[in-house]
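**Student:** Take this sequence and fold it.
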Amino acid sequence: MKKIVLLSLAATAAFGATAQSKLDLSASMLVNRAMQAETLSRSGEHHVSLPSPVSADDKVAVVVTFAPGEDAAVLEERGYEVLTTRDDMAIVRMSVAEMQAAAALSQIKNITLGTEARKLLYQAKTYTGVTTIHEGGAEVGGKAYDGTGVIVGLMDGGLDINHPNFLNADGTPRASRLFVITGNTGTVSTYDTPSRIAGYTTDDSNDTHGTHVLGCMAGSFSEPFTQVAFLNRLGRNQIKTNFYDASTDYRGAATGADIAACCGTTEGTNILLAAEKIYSYAKSQGKPAVMNISLGHNYGPHDGTDANSRYLESIGKDMIICVSAGNEGSDPISIHKDFTASDNQVKTFPSAVATANGIVDIWGADNSIYKVTFQIINKNTGDVAWSYTVDRNLNSTNDQSTMAIITSSTYTVPYYIHSEAFDKAFGTQAAVFISSNVDANNNRYNVQMQFQTQGGNNGFLPAIVVEGAAGKSVDLFCAGNLAFYNNSIPGFTAGNATNSINGIATAKNIIAVGAYVNAVKIPTLSGLGSYRGIEVGEIAPFSSYGTSFDGRVLPHVAGPGQAMLSSLSSYYTSKLSANDETITQATGRVEKSVNRQTRNYYWGEMSGTSMSSPFVAGVIALWLQADPSLTYDDVLNTIKYTSTTDAFTQAAPHRFGAGRINALAGLKHVLNPAGVADIAIEASDFVVTPTFGRGFEIFAAGASGVRSELYSMNGMLVASASASGDTAVLDAETATPGIYILRSTTESGRTDSRKVVLK
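**Tutor:** Have a look, this model is predicted:
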């Protein structure tokens, strides 16, 4: 017998629906579960309930967005702990109970829990020109560039900050700051002296991701050490001891940059706090900075409007931020559906088996309500064994329900939803949470489903059906261990990777980085490793891509990310046996005394946009050394105009962006801005008229063709336009306010150069 009751206001300690609507769905679910547990504990009744992730009094760090004209003072004067502020947002440490009170304030627009992100140099430096830059070749004026004077930072986990790859020649740390951020309370531990940093071990001895990522960006170890080399002449490997030369250079891109690293756990607001710490430190030192984020998730609106994206967008105005595109470029984790009168639903399975753990995030194009149904399907017959439908905004101001909790009958809380079919399909410990809302940041209808199902080979599968009105559309995204399948059942739709782009990478003012294949053979201690079925120069099969809801094609560029050799955490490798795959596939080892202990330090291969993004960040650090005034727009335009294109990039422009990063061409562009040095500002017969918005109409009487180019005062090309006839229209909407040089030419050779102002 089934019992269907929605979690109601009475069960959440009279938490008002108006306040509830200001919480994003992740925060809403957290609040509901915590208050549910609080209500049950006070009732005196005994029920078996699902555990709450936090108690009502536990503090968590959230992003608060204020109503127009309001700021953090409204919370500070009420005793809330404001950690940092930016634009109309603040990161605030508060309990679930305090979230309720804050959400009830008219001065508060939205409260966001934050997102939990997952961790997503062999040949790379040669292909991109970094080797020439490090050597100070004639092409860059004979001066070597290594990132000196630039701060590079990251937020990651599994960081061994005292790996020899990050030490000075005298054994002291290159890192001048280390920030450790763990848990979801927003607590930051700062290490700000060489001795304190030298005494730090690692945030996670079971991981090496951060050590490898930082090595790709800024590793600098160049002493002789044991290395594996592949001898083409003999067709085999040779292990060389006490060896070093440029041909086996495992250093990163910005070998001389100052390191300000953040490590710890990646839930909630930790990435935002890390970005603030890196930027604040760089600002205090008067240096430019570039940060890498090789972390990600695949849920969220993918439009840059969520609070986390807007926070990164704001920091991106002050500091260059690179974000990995994601490693789901071959995975069926997204579905887009345009509804018609005759085809108004999409049906899919979030798993190929009964066990499903993760999130399905469903977004409409506007605030129109659509119907979402959870189903249990008999995979042998295709029949529906049971279903439950949400067809309204559960967090609306007029609705007295906030979340549907479907569980097995083991749990006895009265307002849980039970079904014998659910027990039969998924066992005794399963649950599905469903909530819906019109998002306060973008006015789009959102339904989130959190799956915790189990089940063996019993013939049942969890399924989702979304129905909408003709002319409307919907996007479905997976996170966790889920993907979309049709399971060979008629009427059901499999997912695809066409919108597999990392949700964090859809923020504006960041550089989204994909990965291309930079090597297919890797010399290892156990022999020559190789990747089959791919070619050097093509897009890496795993590299994610997509188009944001507001039409931006991502990633912006691709960096080397297949078979990257970089440093491994010694705390991680020390736990491994000699025949472990990580050790046997290592390509280098050095024995050194660090922290008064003699340890083995390894270099090994990893692949992913987690590797390509920090490498690109390191390249940008080289450009910033040449011109510390470079802005986000300057960097993006340098990437746009200097990246390498060929048959591979032309075959998949939606996955490469501008192409493959070309560090050398980019540095030459920064050092020698095209045509600006010899520009003379003088009068002419050209007529330049500002257009509606931010652009110019350039008229040259009698011309058969006109080309106009807009340059920043430091010589960066920021916009261009060409037209046949006597008039060109140049769009400068993406340029930042300031003074620019507008240069125009006609096909007959007439030229005009003048200063223009964009407001």
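**Student:** okay, and for the stretch 101-250 of the chain, where does confidence drop off?
**Tutor:** Across the stretch 101-250 of the chain, the ranges flagged by pLDDT under 70 are 120-129, 139, 224-249.
**Student:** Let me see the ranges of the helices in it.
**Tutor:** Assigned by DSSP state H, counting those that start in this stretch, the stretch 101-250 of the chain shows helices spanning 124-128, 130-135, 194-198, 209-218.
**Student:** Output these in CSV, with mean neighbour count and distance to Gly142 appended to each entry.
**Tutor:** Every residue, glycine included, has its C-beta placed from N, CA and C. Below are these laid out as CSV (neighbours: other Cβ atoms under 10 Å; distance: least, Cβ to Cβ, whole Å):
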stretch, mean neighbour count, distance to Gly142
helix 124-128, 24, 19
helix 130-135, 22, 10
helix 194-198, 15, 33
helix 209-218, 32, 23
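**Student:** For the stretch 351-500 of the chain, just list every one of the strands.
**Tutor:** Taking DSSP state E, counting those that start in this stretch as the test, the strands found in the stretch 351-500 of the chain are 356-364, 371-378, 384-390, 401-407, 431-438, 445-453, 460-467, 473-480.
**Student:** Using a markdown table, lay out those together with mean neighbour count, mean pLDDT and distance to Met564.
**Tutor:** Below are those laid out as a markdown table (neighbours: other Cβ atoms under 10 Å; pLDDT from 0 to 100; distance: least, Cβ to Cβ, whole Å):
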| stretch | mean neighbour count | mean pLDDT | distance to Met564 |
| --- | --- | --- | --- |
| strand 356-364 | 22 | 96 | 28 |
| strand 371-378 | 20 | 97 | 41 |
| strand 384-390 | 17 | 96 | 44 |
| strand 401-407 | 24 | 85 | 43 |
| strand 431-438 | 22 | 94 | 38 |
| strand 445-453 | 23 | 95 | 34 |
| strand 460-467 | 22 | 96 | 37 |
| strand 473-480 | 22 | 94 | 25 |
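**Student:** Export those as TSV, with columns for distance to Asn168.
**Tutor:** Below are those laid out as TSV (distance: least, Cβ to Cβ, whole Å):
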stretch	distance to Asn168
strand 356-364	43
strand 371-378	57
strand 384-390	58
strand 401-407	54
strand 431-438	51
strand 445-453	47
strand 460-467	54
strand 473-480	41
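**Student:** which one of those lies closest to Glu276?
**Tutor:** strand 473-480 (24.9 Å; Cβ to Cβ).
**Student:** just checking, what packs against the next helix or strand after that closest one?
**Tutor:** Using DSSP states H and E, the helix or strand that follows strand 473-480 towards the C-terminus is strand 511-517. For strand 511-517, the packing partners by 3 or more Cβ pairs under 8 Å, 6 or more residues apart in numbering; DSSP states H and E come out as strand 320-324, strand 557-562, helix 609-626, helix 632-642, helix 653-656.
**Student:** ok, now with 6 Å
**Tutor:** strand 320-324, strand 557-562, helix 609-626 (3 or more Cβ pairs under 6 Å, 6 or more residues apart in numbering; DSSP states H and E).
**Student:** For Ile278, which of those is the nearest?
**Tutor:** Closest to Ile278 of these is strand 320-324 (Cβ to Cβ; 9.3 Å).
**Student:** Surely Asp303 and Phe549 touch.
**Tutor:** Yes - here Asp303 reaches Phe549: they are 3.6 Å apart, a contact under Cβ atoms under 6 Å.
**Student:** between these two, who's got more neighbours?
**Tutor:** Asp303 (22 against 18; other Cβ atoms under 10 Å).
**Student:** check contacts around that one.
**Tutor:** Asn442, Ser548, Phe549, Asp550 (Cβ atoms under 6 Å, 6 or more residues apart in numbering).
**Student:** Adding secondary structure as columns, could you present the residues you listed in TSV?
**Tutor:** Below are the contacts of Asp303 laid out as TSV (DSSP: H, G, I helix; E, B strand; the rest coil):
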residue	secondary structure
Asn442	coil
Ser548	coil
Phe549	coil
Asp550	coil
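**Student:** most surrounded residue in the residues you listed?
**Tutor:** Neighbour max across the contacts of Asp303 (other Cβ under 10 Å) = Ser548, 21 neighbours.
**Student:** about what we covered before: can you redo the contacts of Asp303 as JSON lines with distance to Leu113 and pLDDT?
**Tutor:** Output for the contacts of Asp303, formatted as JSON lines (distance: Cβ to Cβ, whole Å; pLDDT from 0 to 100):
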{"residue": "Asn442", "distance to Leu113": "17", "pLDDT": "94"}
{"residue": "Ser548", "distance to Leu113": "22", "pLDDT": "94"}
{"residue": "Phe549", "distance to Leu113": "21", "pLDDT": "94"}
{"residue": "Asp550", "distance to Leu113": "23", "pLDDT": "91"}
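**Student:** Among those, which pair sits farthest apart?
**Tutor:** Based on Cβ to Cβ, the longest span within those runs between Asn442 and Ser548 and measures 11.7 Å.
**Student:** buried residues in the strand or helix carrying Val718?
**Tutor:** Per DSSP H and E: Val718 is located in strand 717-724. When burial is assessed from 16 or more other Cβ atoms under 10 Å, strand 717-724 yields the following buried residues: Leu717, Val718, Ala719, Ser720, Ala721.
**Student:** May I have stretch 649-656 as CSV, with CA atoms only?
**Tutor:** Taking Å, rounded to 0.1, in the frame of the first residue of the first chain, the C-alpha atoms of stretch 649-656 are listed here in CSV:
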residue,chain,number,x,y,z
THR,A,649,40.7,22.3,-35.3
GLN,A,650,38.6,22.9,-38.4
ALA,A,651,37.0,19.5,-38.0
ALA,A,652,35.8,20.3,-34.5
PRO,A,653,35.7,24.0,-33.9
HIS,A,654,33.0,23.6,-31.2
ARG,A,655,35.5,21.6,-29.2
PHE,A,656,38.7,23.5,-29.8
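**Student:** and for that stretch, what are the contacting residues?
**Tutor:** Gly514, Ile539, Tyr545, Val553, Ala558, Gly659.
**Student:** and what of stretch 374-388?
**Tutor:** Thr373, Ser419, Ala421, Ala425, Val432, Gly459, Phe460, Leu461, Ala463, Asn487, Ile489.
**Student:** and which of those residues is nearest Asp204?
**Tutor:** Closest approach to Asp204 among those (Cβ to Cβ): Val432, at 30.7 Å.
**Student:** That closest one contacts Ile406, doesn't it?
**Tutor:** Yes - with contact defined as Cβ under 6 Å, Val432 counts as touching Ile406 (4.4 Å).
**Student:** Quick check: the gap between Asn437 and Thr389.
**Tutor:** 17 Å (Cβ to Cβ, to the nearest Å).
**Student:** What of Val706?
**Tutor:** Shown here: Val706 relative to Thr389, a distance of 59 Å by Cβ to Cβ.
**Student:** what does Gly186 give?
**Tutor:** Gly186 is 38 Å from Thr389, by Cβ to Cβ.
**Student:** neighbouring contacts of the strand holding Val718?
**Tutor:** 637, 705-712, 728, 730, 732, 735.
**Student:** Dump it to PDB, restricted to CA.
**Tutor:** Extracted C-alpha coordinates of strand 717-724, given in PDB (Å, rounded to 0.1, in the frame of the first residue of the first chain):
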ATOM      1  CA  LEU A 717      43.400  44.000 -31.000                       C
ATOM      2  CA  VAL A 718      40.000  43.800 -29.300                       C
ATOM      3  CA  ALA A 719      37.600  44.000 -32.300                       C
ATOM      4  CA  SER A 720      37.500  44.300 -36.100                       C
ATOM      5  CA  ALA A 721      35.100  44.600 -39.000                       C
ATOM      6  CA  SER A 722      35.300  44.400 -42.800                       C
ATOM      7  CA  ALA A 723      32.800  45.300 -45.400                       C
ATOM      8  CA  SER A 724      32.600  45.700 -49.200                       C
END
